[in-house]
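**Q** model this:
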Amino acid sequence: MSNIRLFFSATLSADMIDKLDKSQSHYLTKVMRIKENEVFSLFNKDGEWEAKVLEISKNIVEFKTTKKLRQKENFKELWLAFSPIKSNYQNFMIQKATELGVTKFLPIIFDRTVVRKINKVRLEKIVIEASEQSNRINVPTIEDAQNLNSFLKKNSMDLIFTDLNSSNEKIDKSKLKDKPVCVIIGPEGDFSENEREKILSFKGVQPIKINQNILRSETAVISAISIINYVIN
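**A** Alright, predicted model coming up:
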């Protein structure tokens, strides 16, 4: 079995015949040097399938699904609410958070957020590539940027608040209900006092100090998600 994995956004089913888009066809034929009759795999939220190259015509790959490799996954919803940061650091953060199992990204514009826009198309490409490489089936979703009030009002979740001022250093698993677990990471200048009060008043929030040192945003994300994975898995 080939270790080439590609995300396929359309429906996958047994013995289906379809074509890859120009970008994926180029990757298979020019980068991976795949030939006709060789196999690779396609996946999406419904599962993963082995696919056989039927024909390469005008640089477009036509394929047929041959067998199902994995069923759809049952997974715990793990969300990341974060302040946008500079693109290179943000791309790294999104990639590693995807590898660690985040299922939804929620950009939030805080009072002290410096970068106030996100390139959603670029981030979606990063989560797809990270999912392909990390053997995930479910690809995370990315919401549009929103303010803190909107985020707290419209979401039902168990909120893990990374608060440097907290004396608590452990997550209480018994307080986690059957809801998505969401970790919220503040901007480089930290949360404002008003924001801290709003977050701490959210029903079911758990503040936690993840380190004695002040961490960069991307470091805090990796640290917090690793802690949460240890607790919930």
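
**Q** low-confidence regions, the protein specifically.
**A** 1-2 (pLDDT under 70).

**Q** so where do the strands sit in it?
**A** For the chain, applying DSSP state E gives strands covering 5-7, 17-19, 39-44, 47-57, 60-71, 78-82, 104-109, 141-142, 146-147, 158-162, 181-185, 206-208.

**Q** tell me the strands beside the longest one, with direction?
**A** Here the strand partners of strand 60-71, with direction, are listed using DSSP bridges: strand 17-19 (antiparallel), strand 47-57 (antiparallel).

**Q** that older thread, and the strands of the chain as a markdown table, adding mean neighbour count and distance to Asn233?
**A** Where C-beta positions appear, they are placed from N, C-alpha and C, glycine not excepted. Listed next are these as a markdown table, based on neighbours: other CB atoms under 10 Å; distance: least, CB to CB, whole Å:
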| stretch | mean neighbour count | distance to Asn233 |
| --- | --- | --- |
| strand 5-7 | 19 | 23 |
| strand 17-19 | 14 | 35 |
| strand 39-44 | 20 | 21 |
| strand 47-57 | 18 | 21 |
| strand 60-71 | 16 | 19 |
| strand 78-82 | 24 | 10 |
| strand 104-109 | 21 | 17 |
| strand 141-142 | 16 | 21 |
| strand 146-147 | 15 | 28 |
| strand 158-162 | 23 | 15 |
| strand 181-185 | 25 | 11 |
| strand 206-208 | 19 | 17 |
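
**Q** save these as CSV, and put in distance to Asn119 too.
**A** Converted to CSV, the strands of the chain look like this (distance: least, CB to CB, whole Å):
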stretch, distance to Asn119
strand 5-7, 19
strand 17-19, 28
strand 39-44, 23
strand 47-57, 28
strand 60-71, 28
strand 78-82, 14
strand 104-109, 11
strand 141-142, 10
strand 146-147, 16
strand 158-162, 24
strand 181-185, 19
strand 206-208, 30
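
**Q** that older thread, nearest to Trp79, out of the strands paired with strand 60-71?
**A** Among the strands paired with strand 60-71, strand 47-57 comes nearest to Trp79, with 23.1 Å by CB to CB.

**Q** and that closest one, how far out from the chain middle?
**A** Chain-centre distance of strand 47-57: 26 Å, with CA atoms, centre = their mean, to the nearest Å.

**Q** contacts for it?
**A** With contact meaning CB atoms under 8 Å, 6 or more residues apart in numbering, strand 47-57 is reached by 1, 5, 12, 17, 25, 28-29, 34-43, 61-72, 137.
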